[in-house]
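Trainee: A predicted structure for the sequence below; I have some questions about it.
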There are 2 protein chains.
Amino acid sequence: MPNSESLAYESLTSYARETALLVDIQSALFWDERTYMPSVGGDYRAEQLAYLSGEIHRRQTDPRQDEWLAELEGSPLAADPASDAGCVIHQLRRDYDKKTKLPQTLVEEITRTGSLAHNVWVEARKANDFARFQPLLEKMVDLKRQEAEAIGYDDQPYDALLDDYEPGAKTAEVAQVLGGLREALVPLVQAIADSPHRPDVSILQRSYPIEAQREFGQSGAAAIGFDFDAGRLDVTAHPFCCGVGPHDVRLTTRYDEHAFGDAFFSILHEVGHGIYDQGLPAEHHGLPTGEAVSLGIHESQSRMWENQVGRSLSFWEHLYPQAQQAFPAALDGVPLDDFYRAVNDVRPSLVRVDADEVTYNLHVLVRFELETALFDRSLEVADLPEAWNAKYREYLGVESPTDSDGVLQDVHWSEGLFGYFPTYALGNLYAAQFFEQAQADIPGLEAGFAEGRFTELCEWLRSQIHSQGRRFAPADLVERVTGKPLSHQCLLDQLTRKFGGIYRL
Amino acid sequence: MPNSESLAYESLTSYARETALLVDIQSALFWDERTYMPSVGGDYRAEQLAYLSGEIHRRQTDPRQDEWLAELEGSPLAADPASDAGCVIHQLRRDYDKKTKLPQTLVEEITRTGSLAHNVWVEARKANDFARFQPLLEKMVDLKRQEAEAIGYDDQPYDALLDDYEPGAKTAEVAQVLGGLREALVPLVQAIADSPHRPDVSILQRSYPIEAQREFGQSGAAAIGFDFDAGRLDVTAHPFCCGVGPHDVRLTTRYDEHAFGDAFFSILHEVGHGIYDQGLPAEHHGLPTGEAVSLGIHESQSRMWENQVGRSLSFWEHLYPQAQQAFPAALDGVPLDDFYRAVNDVRPSLVRVDADEVTYNLHVLVRFELETALFDRSLEVADLPEAWNAKYREYLGVESPTDSDGVLQDVHWSEGLFGYFPTYALGNLYAAQFFEQAQADIPGLEAGFAEGRFTELCEWLRSQIHSQGRRFAPADLVERVTGKPLSHQCLLDQLTRKFGGIYRL
């Protein structure tokens, strides 16, 4: 005999699953837009996506959820937040409150300003003219400050924004961990830059025919665990991973005949995201128990497969003979070690998206520090370019001659995505700490890579992370899996060891 | 100052356009399912499509439309049914009434039975076992009889079903036109079958590399007027054309290296559908003024480009040199006339979807006559196989050794699609009558084909047919465009002239 709580739980979860149908439809249309949609279909697709956004928002803020949740929150179902029902109830409450705390007028104003600011950012970047972008960026920062106030926070306004992407993360804690990383990383990058033992990166710029790259990338993706019966790999201008259902994960990349690493490592990166999505429990699809924890944890999966696995010597001990077969014109007579060093080239640069495994973190740090300064009001938007350049000089020893390749390089701020950047660096830190634990838990892990065995790592990630859904906040998940809180030490140790060897530091 | 009628009109049309967003989303997801979706994504996609169907049905039967329509029907806006507003009001009333006349329980019962019957049909066809299919087919016929009663009709129950696909068409009139066609076609087919002058069809079974077929098909599609900036051509098991927005029409085909005609003429066929969809006025998208008239008129567009154009000698006078360049191994040394005769091979056969331009109509006639007999109760479902075979013997002089290639060959009846088949033959009749008019209106039409000029025909179709949306019922449109009512005479004359020449009758 169903009691009133179980009826409320059934109503709540059916409703959430139905909302997920629409979210996934939106993803499928987005994927289509980026891959195969004819060029002139864009305006109408935008109308379709806007309609779906409206419907999804209407559903996500439907007050019936508040009633079902209120009934459930006092019940035994909610007692353990890590149980199936407890996770669903606590996380749906979190989602509902975040969605409904924002006044509709503010949401619309942010959307409208983001749309305007995006277009102006495109022009300003092209014209190398920060002043043109400044007024709209000021407006956006002001709106996001209002958003933080509406959401609420214990310590700093930036906490409220960070929480959108990394639930429960606090600015002060993130600043401490990333600060520790920066202190150790700046001298490491300097030492690498000063090393006379430079890889020959021209190896990767030889002719790698695109069809062969596609096949090699696809077979590499399948080898490490991506299920092509439940996913695809296509071509877009900017690589992405997009889940469109519990058994349907779409990856994309782009190919350049003379840049082997661009496509291959972007494939491994997106495959890492895709393996996470494929590993979420399908029977919980549409519920928090079937969703990814956070952007940072998601990024840890992509980074681990891209870097800890894909740029390791043992990985290439297995795959390099196949690479030589696939690309004889480029790789005949090239020793494995030269190739391994080339795919691990590290050098300070201006543009984040082109940055390597080591310096990438410093690019992110610059943005994180500037964002927190904007939101604790120690920095004005007008002073961003100067502050940007000062930090690039200090951390990376480089300075952009233009704002286009400096403060204007990223799309995020124009769209109001403050609090997003740090998840990239957190992803690297999580990846390092998870990987260290995997090494401890799986004897001969890397020796296995050299023999083409990736299943153990895949299964370890499934059981430790993917299968958990949103049961634990990112910080708690890290501590549960690795037995210690997040720190910068694992990543730093791994980078120092690996690049110390490559650059003979 | 907007009056109450213009407010009602604005509400009605906004609502219809919003419903169209969902219909097009459903089309895009259907296209994705058939082209690129990973195999295991099917169950979840079915859930998404079912959700959208429910939403669309809910919207289409929303009683607010009845109120808006009631307010508008007495107003000057509705006075001329061929004006923009008049067409919208009259056709949306038609759609609303048809949707709401059916009891929800009957709709659900038909859907459920169709789903069951489809699966049983698949098995029965595989096992060549009509008896297994018979009970569900009986149930489906019974349900469709109930549907006809619920919808209502003046003369025969079958009118109500036919009207779904060919608005306003009457069984008796269709029977008369198709009967006239049959009487003349049976002896023509017999004469062709008896002719000793048979084309050498082995020419089309040589090696036609698939990539070359794809390029040749794509360039042929573009040459006759399909806009690839507003459409695509992909691969599926069964070819189709699917509009997913006002500027986005997706075509598909499939390739067989040793069957040149299969892909090429299916591309021309789908392109014909696609040119119609691309020619519908985009500013009216989502309203009856921006929609196709009927299945039969839609089929007339595909058939005209496939047959009257694509299988004409003048078409190949232009394209054959390019075909020889694209497929040298198959076509070197083959004279144009041999190739032209091969693509116009006519022979009585058992299976509709493989039938040629002439005999296809007789396949359709068999089905139309059996359907009308089922619905005027002069035939029982149990007697279908025997009746089927008798008609195939009489009209085509062939008899299937199995029901699998006989009465079980088509999917339509399992899904309850009674009234659909005749639109295939009506499409051929419309095509012939339109084409005759185009020949009269455009001097040197076919000489233009021989020089690669297809624009005049395309523009003629745009202005005469595509731009009209659903302003006129199919029968009225034919009479407006060609100055005379639909008859079988044009098609018969064209077939007699063309195949009289090819087979020297």
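Mentor: Happy to help now that I have it. Residues are numbered from 1 along each chain as shown, chains lettered A, B, ... in the order given.
Trainee: residues in chain A within reach of chain B, list them.
Mentor: A:18, A:21-22, A:24-25, A:28-29, A:32, A:36-41, A:43-45, A:47-48, A:51-52, A:228-232, A:234, A:244-248, A:285 (CB under 8 Å from any CB of the partner chain). C-beta here means a position set from N, CA and C on the backbone, and glycine is covered the same way.
Trainee: recalculate using a threshold of 7 Å.
Mentor: Taking CB under 7 Å from any CB of the partner chain as the criterion, the neighbours of chain B within chain A are A:18, A:21, A:24-25, A:28-29, A:32, A:36-41, A:44-45, A:47-48, A:51, A:229-232, A:245-248.
Trainee: all strands of chain A, in order?
Mentor: In chain A, the strands defined using DSSP state E lie at A:231-235, A:241-245, A:248-253.
Trainee: how big is the angle separating the last one from strand A:241-245?
Mentor: Pointing back at strand A:248-253 there. In this structure, strand A:248-253 runs at an angle of 160 degrees to strand A:241-245, with axes from the mean of the first three to the mean of the last three CA atoms, to 10 degrees as the basis.
Trainee: show me what contacts A:R17?
Mentor: Contact analysis of A:R17 by CB atoms under 7 Å, 6 or more residues apart in numbering or on different chains lists A:286-287.
Trainee: residue contacts, A:G245?
Mentor: Residues touching A:G245, when contacts are defined by CB under 7 Å, 6+ apart, comprise A:24, B:41, B:44-45.
Trainee: tell me what it is bridged to.
Mentor: Beta-bridge partners for A:G245, by DSSP bridges, are A:D248.
Trainee: hang on, A:E291 packs against A:R470?
Mentor: Yes. Between A:E291 and A:R470 there is a contact under CB atoms under 7 Å: 5.1 Å.
Trainee: who has more neighbours, those two?
Mentor: Comparing A:E291 with A:R470 by other CB atoms under 10 Å in any protein chain shown, the one with more neighbours is A:R470, at 26 against 20.
Trainee: pretty sure that one is touching A:Q91, no?
Mentor: Yes. With contact taken as CB under 7 Å, A:R470 and A:Q91 are classed as touching, separated by 5.0 Å.
Trainee: what sits closest to the residue of the stretch 1-150 of chain A found nearest chain B if chain neighbours are left out?
Mentor: Closest approach between the stretch 1-150 of chain A and chain B, counting by CB to the nearest CB: A:G41, at 3.6 Å. Counting by CB to CB, 6 or more residues apart in numbering or on different chains, the nearest residue to A:G41 once its immediate chain neighbours are dropped is B:D248, at 3.6 Å.
Trainee: which among the residues of chain A next to chain B count as buried?
Mentor: Among those, those scoring as buried are A:21, A:24-25, A:28-29, A:32, A:36-38, A:40-41, A:44-45, A:47-48, A:230-232, A:245-248 (criterion: 16 or more other CB atoms under 10 Å in any protein chain shown).
Trainee: would you list the strands of chain A in CSV and tack on mean pLDDT and distance to B:A169?
Mentor: Written out in CSV, the entries for these read as follows (pLDDT from 0 to 100; distance: least, CB to CB, whole Å):
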stretch, mean pLDDT, distance to B:A169
strand A:231-235, 97, 43
strand A:241-245, 96, 40
strand A:248-253, 97, 41
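Trainee: winner for burial among those strands?
Mentor: Comparing the strands of chain A by mean neighbour count (mean count of other CB atoms under 10 Å in any protein chain shown), strand A:248-253 comes out on top with a mean of 27.
Trainee: quick one: it to strand A:231-235, angle?
Mentor: Interaxial angle, strand A:248-253 versus strand A:231-235 (the same axes, to 10 degrees): 30 degrees.
Trainee: give me the contact list for strand A:248-253.
Mentor: A:31, A:34-35, A:217, A:230-236, A:239-244, A:263, A:266-267, A:270-271, A:274, A:277-278, B:37-38, B:41, B:44.
Trainee: wait, isn't A:P348 in contact with A:V358?
Mentor: No. Under the criterion of CB under 7 Å, A:P348 makes no contact with A:V358, lying 9.4 Å away.
Trainee: anything in contact with each of those two?
Mentor: Listed contacts common to A:P348 and A:V358 are A:V189; contacts here mean CB under 7 Å, 6+ apart.
Trainee: average pLDDT across stretch A:449-468?
Mentor: Model confidence over stretch A:449-468, given as mean pLDDT, is 98.
Trainee: buried sites along that stretch?
Mentor: Residues of stretch A:449-468 classed as buried: A:449-450, A:453-454, A:456-458, A:460-462, A:464-466, A:468 (neighbour count, 16+ other CB under 10 Å).
Trainee: also stretch A:190-199?
Mentor: Residues A:192-193, A:199 are the ones in stretch A:190-199 that count as buried (16+ other CB under 10 Å).
Trainee: now, which of those sits nearest chain B?
Mentor: When the buried residues of stretch A:190-199 are ranked by distance to chain B (CB to the nearest CB), A:P199 comes first, at 37.6 Å.
Trainee: any idea how far the closest one is from A:Q301?
Mentor: From A:P199 over to A:Q301 the distance is 27 Å, taken as CB to CB, to the nearest Å.
Trainee: quick one, what contacts the closest residue to A:R34 other than its chain neighbours?
Mentor: Nearest in space to A:R34, with sequence neighbours left out and distances taken as CB to CB, 6+ apart, is A:T236 at 4.6 Å. A:T236 makes contact with A:34-35, A:252, A:254, according to CB under 7 Å, 6+ apart.
Trainee: next, show the common contact partners of A:R470 and A:Q91.
Mentor: In terms of CB under 7 Å, 6+ apart, A:R470 and A:Q91 are both contacted by the residues A:P288.
Trainee: pLDDT wise, what is whichever residue of the stretch 251-400 of chain A sits closest to chain B at?
Mentor: Going by CB to the nearest CB, chain B is nearest to A:H285 of the stretch 251-400 of chain A, at 7.6 Å. The score at A:H285 is 98. That number is its pLDDT.
Trainee: next, count neighbours for it.
Mentor: When counting by other CB under 10 Å, one arrives at 20 neighbours for A:H285.
Trainee: is it in contact with A:P246, as I believe?
Mentor: Yes. Proximity of A:H285 to A:P246 meets the contact threshold set by CB under 7 Å, at 3.8 Å.
Trainee: and the gap between the residue of the stretch 251-400 of chain A closest to chain B and A:D476?
Mentor: 23 Å.
Trainee: then A:T100?
Mentor: Using CB to CB, A:T100 is found at 25 Å from A:D476.
Trainee: what do you get for A:A323?
Mentor: Distance of A:A323 to A:D476, computed by CB to CB: 40 Å.
Trainee: more crowded one of the two?
Mentor: A:A323 (21 against 14).
Trainee: excluding its backbone neighbours, what's nearest that one?
Mentor: A:L331 (6.0 Å).
Trainee: try A:K391
Mentor: In space, not counting the residues next to it along the chain, A:K391 is nearest to A:V366; the distance is 4.4 Å by CB to CB, 6+ apart.
Trainee: my guess is the one you found contacts A:R393, does it?
Mentor: No. With contacts counted by CB under 7 Å, A:V366 stays clear of A:R393, the gap being 10.4 Å.
Trainee: more neighbours: which of these two?
Mentor: Looking at A:V366 and A:R393 with other CB under 10 Å, you find the greater number of neighbours at A:V366, namely 23 against 11.
Trainee: now do the helices in the stretch 201-350 of chain A.
Mentor: Secondary structure of the stretch 201-350 of chain A, counting by DSSP state H, counting those that start in this stretch: helices at A:210-224, A:260-279, A:295-303, A:313-326, A:328-331, A:336-342.
Trainee: for these, which one sits closest to B:I151?
Mentor: helix A:260-279 (46.3 Å; CB to CB).
Trainee: how far does the closest one sit from the chain's center?
Mentor: 11 Å (CA atoms, centre = their mean, to the nearest Å).
Trainee: so for it, mean pLDDT?
Mentor: Helix A:260-279 shows an average pLDDT of 97 in the prediction.
Trainee: who touches that helix?
Mentor: Taking CB under 7 Å, 6+ apart as the rule, helix A:260-279 contacts A:204, A:208, A:213, A:217, A:220-221, A:224-227, A:230-231, A:233, A:239-241, A:243, A:249, A:251, A:253-256, A:292, A:298, A:301-306, A:310, A:343, A:458, A:461-462, A:466-467.
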